[in-house]
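Q: structure for this input, please:
(one chain, ligands or ions: 2)
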Amino acid sequence: MPVRAILTDIEGTTSSISFVKDVLFPYARRALPGFVRERGGEPEVRRWLDAVATEQGGVCSDDTIVEVLQGWIDQDRKHTALKALQGMIWDSGYRRADFTAHMYPDAARALQEWHDAGYPLHVYSSGSVPAQKLFFGHSDAGDLTGMVSNWFDTETGGKREAASYARIAEAIGQAPGDILFLSDVVEELDAAREAGLQTVLLDRRQDYPQPREGEATHGHRRVETFADIGV
Ligand SMILES: CSCCC(=O)C(=O)COP(=O)(O)O
Ligand SMILES: [Mg+2]
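A: Ligands and ions are numbered 1, 2, ... in the order given. Model (predicted):
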């Protein structure tokens, strides 16, 4: 089937899981107490802190909210409030050049080639849209934001829900069957396939030392790098 647009995940797909788990998450974990102390009064920050308190059953002190959020980081919870707050914290890390975002060279190369060939590129990640833009804007391969037409996060819906992919297809104005979704998580690919998208599983040795083969691929086409996708 022809592909007319590409939708990609970030962590484990364009970029290594270890950069997110070993650099970004610990950075946010450490910075959280100071961030909440200094910026907890800003409406855009308070809105998400209040969302955490509500989920905990009501009124909570800021110290408790910080502990809850740090626990969610440890569990890799893909909670929209956590992701929004993490994005705000990483902003200063990127601006101070404390780190650049990992981007596999094969991913940067393929995205550039597809962009040059006229394929619209879109991103769908559990990271908040501002965090995605920071990530692509401060990547090891330079500022890649100009290549991306649309950004989607969990405000569009969960990545394991077919309805999210239907919403994305609608938003970008493409028939679901014309969109190729790339991810390292089979449950996300299952949801995308249910919505009618084409799918490819990224199964990178650095991120997944044990190849996912046979039933573990859930029938999705499996590649180890973007160079093998061959749009
Ligand atoms: C792009 S922000 C940093 C990554 C992150 O927080 C995350 O949860 C990534 O999840 P993904 O959906 O890209 O696998
Ligand atoms: Mg991923």
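Q: please count neighbours and contacts with C-alpha atoms only from this point.
A: Will do.
Q: please identify the helix or strand for Trp151.
A: Taking DSSP states H and E as the criterion, Trp151 maps to strand 148-152.
Q: do that strand and ligand 1 meet?
A: No - using C-alpha under 6 Å from any ligand atom, strand 148-152 never reaches ligand 1; the gap is at least 9.9 Å.
Q: from the rest of the structure, what touches that strand?
A: Pro120, Leu121, His122, Val123, Tyr124, Ser125, Ser128, Val129, Gln132, Ile168, Ile172 (C-alpha atoms under 8 Å, 6 or more residues apart in numbering).
Q: okay, now the sheet partners of it, with direction.
A: strand 121-124 (parallel) (DSSP bridges).
Q: touching the partner strand from outside, list them.
A: 5-10, 111, 114-115, 147-153.
Q: farthest pair in those residues?
A: Trp114 and Asp153 (22.1 Å; C-alpha to C-alpha).
Q: compare neighbour counts for these two and give me the winner.
A: Asp153 (23 against 17; other C-alpha atoms under 10 Å).
Q: follow-up on the earlier one: let me know the closest of the contacts of strand 121-124 to ligand 1.
A: Ile10 (3.7 Å; C-alpha to the nearest ligand atom).
Q: now do the contacts for that closest one.
A: Val123, Tyr124, Ser125, Ser183.
Q: before we move on, what about Arg96?
A: With C-alpha under 8 Å, 6+ apart, Arg96 has no contacts at all.
Q: rerun at 10 Å
A: Trp90 (C-alpha atoms under 10 Å, 6 or more residues apart in numbering).
Q: and it, its phi and psi?
A: phi -90, psi 0 (degrees, to the nearest 10).
Q: quick one: it from Met103, how far?
A: Arg96 is 19 Å from Met103, where distance means C-alpha to C-alpha, to the nearest Å.
Q: buried ones among the contacts of strand 121-124?
A: 5-10, 111, 114-115, 147-148, 150-153 (16 or more other C-alpha atoms under 10 Å).
Q: identify, from those, the entry nearest to Gln70.
A: Gln70 lies nearest to Asp153 out of the buried ones among the contacts of strand 121-124, by C-alpha to C-alpha, at 20.7 Å.
Q: now stretch 22-41: buried residues?
A: So for stretch 22-41, counting by 16+ other C-alpha under 10 Å, buried means Val23, Leu24, Phe25, Tyr27, Ala28, Arg29, Leu32, Pro33, Phe35, Val36, Gly40.
Q: what of stretch 186-203?
A: Buried residues in stretch 186-203 (16+ other C-alpha under 10 Å): 186, 188-203.
Q: check stretch 109-126 too.
A: Those would be 110-112, 114-115, 119-126, for stretch 109-126 by 16+ other C-alpha under 10 Å.
Q: so which of those residues reach ligand 1?
A: The subset of the buried residues of stretch 109-126 lying close to ligand 1, counting by C-alpha under 6 Å from any ligand atom, consists of Ser125, Ser126.
Q: kind regards, and thank you for your time.
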